[in-house]
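S.K.: how would this look folded up:
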Amino acid sequence: MDAVMLHSLIAVESEPALKLPSAPGRAVARTYPGAPQEAASIELQPLSRTPKPNRSASTSRINLASTSSSGHLPKSRTETTIFSVGPELEEQSRPTTPKADSVNDDSANIDGVEAMQSIMEPYMNRWRLLAMCLISLSNGMSDSAPGALIPSIEEYYNIGYAIVSLIFVGNALGFIAGAFFVDAIRERLGRAKTLAVGQGLISLGYIPMIATAPYPAIVVSFFFVGFGMSINLAMGNVFCGSLSNSTTALSMMHGSYGIGGTVGPLLATAMVTVFEVVWSRYYAVSLGLAVLGGVCATCAFWDYERDTQQHLGSSTSGSGGPSGSTAAPKRDWRADVTAMVSALSNRVVLLGALFIFAYQGAEVSISGWVNTFLMDSRHVHDGSVGYVTAGFWGGITLGRFLLAPPAHRIGEKLFVVIVVVGACAFQLVVWLVPNLIGNAVAVAIVGLLLGPVYPCAAAVFMRNISKQKQVSGMGVISAFGSSGGAAAPFTTGLLAQAVGTFVLHPIVIGLFVVMMICWYGLPNKPKRSE
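M.R.: Below you'll find the model as predicted:
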């Protein structure tokens, strides 16, 4: 009797006026691991996304097995019932197709969960990170060398503090120009060729330096170097910051910059004082590293967009050619300006730009002028004072490699406050304690404490900037950082010419205060744990 009642529940009584739609085509057998395969089979026709005309409902064939009185579902007794499914239910039943915001994004939203790449997955990411570390190493060697070479440049061209400071201005203007064009270049050329363009501009800038061209040409050369560095820094920050282990990747990248910053003054000082070569010959080493970094980055990122799509499970792979050369549709230059203005209207970008402006201004001011301060105030006149700058960059390197894990555990927001306050205290030691060895040690400790600030800040910025604005936003932040790296040392040079080199310390301490004000205004979005 139970079987009869169940049969009456699932049977469809035919009515003369009801005309059932035609049966669908041959069903494809599918296996569903979560379903009891021996009890019943479920066959569903693939649902089409294209609406069909003159059809108000779609059908799905469901095989239900009639039960026996014991409750078992024998395979031999099945009855088929056709259920009518309305278009609303059919639309809800369609599977969600994973889509990326752009082939250039490092992650995308899949079923509401963001799928992120890591350093180890896909495999080429480890080589891409290595290439970015090599480029950062080269950038560090280039940025740290002027501090050791400024006395030689002044002597060679017979110029003063104010005029020699123009190299910082030229570098900053290049950074700002690069920030306005980096996003447009990336969209047109892809990441691989964008990095190649950046390294090519840097290489072009080194050539007049090696030739010891007239000083105005040297300033223009620093413009091209800054333009190229703006491109590769923005691309590197976006790539490393969008990985799941972003703090580690950013620490490795910027730690490599610190290694270059340590090696640069050592090599420059040795070439000028020990081997007694012209200051400009140092940049022959920088040129070789720039070319090598450009080749490695181009090769490593050539298939970046295609690998990103494969990592996201996409069935398409771009336009059919190598992804490194995939070009997006061209857009008007006004769109680029609009993107930059839109990025500046973002609170995180604006505060981050001011923060990095102050940070890099303090960093470059210390690196560029602490040797001159020690020569004037501590009466050190031999070339060995150039090694103090190497100690500062050595501290930055150790800080970025050794202090990143504590920063991750404590939290980047609190950690940055602690290290900046400590750096301010040791900067006062350099200013007020008249002891050369004590000053050299204090400068190294200031570098140690400042080392993890940039990667920690970049990780916080990336977590709080939307994916659509990450490239343009980080480009703006990098450009403002370079502006600070020019405005602060240039101002220091002008005031040092007028009143003395001691002005380095109040300028640096004031920049630390600006950093803390901006840092307080940033939101504290927690780090994702996937």
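S.K.: what's the neighbour count on His408?
M.R.: Neighbour count for His408, taken as other Cβ atoms under 10 Å: 18. Where you see a C-beta, it was placed from the backbone N, CA and C, and this is true even at glycine.
S.K.: then Pro434?
M.R.: Neighbours of Pro434 (other Cβ under 10 Å): 10.
S.K.: mind starting the numbering at 13 from now?
M.R.: Yes, from this point I'll number from 13; that puts the last item at Pro446.
S.K.: shaky segments in the stretch 363-512 of the chain?
M.R.: Counting by pLDDT under 70, the stretch 363-512 of the chain contains low-confidence ranges at 393-396.
S.K.: er, the chain actually
M.R.: 13-127, 322-354, 356, 393-396, 537-542.
S.K.: tell me where it has strands.
M.R.: For the chain, the strands defined by DSSP state E cover 70-77, 90-97, 119-122, 125-128.
S.K.: can you list the residues that contact stretch 171-182?
M.R.: 158, 162, 165-166, 169, 227, 230-235, 238, 376, 380, 384, 497-498, 501-502, 504-506, 508-509 (Cβ atoms under 8 Å, 6 or more residues apart in numbering).
S.K.: among those residues, name the buried ones.
M.R.: Neighbour-count burial (16 or more other Cβ atoms under 10 Å) applied to the contacts of stretch 171-182 gives 158, 162, 165, 227, 230-235, 238, 376, 380, 384, 497-498, 501-502, 504-505, 508-509.
S.K.: which residues touch Met247?
M.R.: Going by Cβ under 8 Å, 6+ apart, the list of residues near Met247 reads 144, 194, 198, 203, 206-207, 210, 483.
S.K.: returning to that earlier point: show me the buried ones among the contacts of stretch 171-182 that map onto helices.
M.R.: 158, 162, 165, 227, 230-235, 238, 376, 380, 384, 497-498, 501-502, 504-505, 508-509 (DSSP state H).
S.K.: okay, now Ser478: neighbour count?
M.R.: 10.
S.K.: actually Arg138, sorry about that
M.R.: 14.
S.K.: how close does it sit to Leu207?
M.R.: 17 Å (Cβ to Cβ, to the nearest Å).
S.K.: equivalent analysis for Tyr532, please.
M.R.: For Tyr532, the distance to Leu207 - Cβ to Cβ - is 35 Å.
S.K.: and for Val445, the neighbour number?
M.R.: 11.
S.K.: got the phi and psi for it?
M.R.: phi -100, psi 110 (degrees, to the nearest 10).
S.K.: surely it meets Ala454?
M.R.: Yes: assessed by Cβ atoms under 8 Å, Val445 is found in contact with Ala454 at 7.4 Å.
S.K.: show me what contacts the nearest residue to Val445 once chain neighbours are set aside?
M.R.: When the adjacent residues along the chain are set aside, Val445 lies closest to Asn451, with 6.6 Å between them (Cβ to Cβ, 6 or more residues apart in numbering). With contact set as Cβ under 8 Å, 6+ apart, Asn451 has these partners: 386, 390, 400, 441-442, 445.
S.K.: could the residues you listed go into TSV alongside distance to Val433?
M.R.: Below are these laid out as TSV (distance: Cβ to Cβ, whole Å):
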residue	distance to Val433
Leu386	24
Arg390	26
Val400	23
Val441	14
Val442	16
Val445	18
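S.K.: list buried residues within the residues you listed.
M.R.: Buried among the contacts of Asn451 (16+ other Cβ under 10 Å): 386, 400, 441-442.
S.K.: gap between Tyr371 and Gly267?
M.R.: Taken as Cβ to Cβ, the span from Tyr371 to Gly267 is 16 Å.
S.K.: also Ile430?
M.R.: 19 Å.
S.K.: before we move on, what about Val511?
M.R.: 37 Å.
S.K.: same question, Val442
M.R.: Taken as Cβ to Cβ, the span from Val442 to Gly267 is 24 Å.
S.K.: also Gly493?
M.R.: Relative to Gly267, and taking Cβ to Cβ, Gly493 is found at 17 Å.
S.K.: ok, the two, which is more surrounded?
M.R.: Gly493 (29 against 25).
S.K.: does that one touch Phe369 like I think?
M.R.: Yes: in terms of Cβ under 8 Å, Gly493 counts as a neighbour of Phe369; the distance is 6.1 Å.
S.K.: how many other residues sit next to the nearest residue to Ser263 once chain neighbours are set aside?
M.R.: In space, and not counting its chain neighbours, Ser263 is closest to Ala416: 3.8 Å by Cβ to Cβ, 6+ apart. Using other Cβ under 10 Å, Ala416 has 24 neighbouring residues.
S.K.: my guess is Ala416 meets Asn257, correct?
M.R.: No: the pair Ala416 / Asn257 is not scored as a contact, 10.8 Å apart, by Cβ under 8 Å.
S.K.: can you pull the contacts of the nearest residue to Phe427 once chain neighbours are set aside?
M.R.: Closest residue to Phe427 apart from its sequence neighbours, by Cβ to Cβ, 6+ apart: Ala419 at 4.2 Å. Applying Cβ under 8 Å, 6+ apart to Ala419 gives the contacts 259, 427-428, 464, 468.
S.K.: now Ala419: how far from Ala160?
M.R.: Taken as Cβ to Cβ, the span from Ala419 to Ala160 is 29 Å.
S.K.: right, I'll leave it there.
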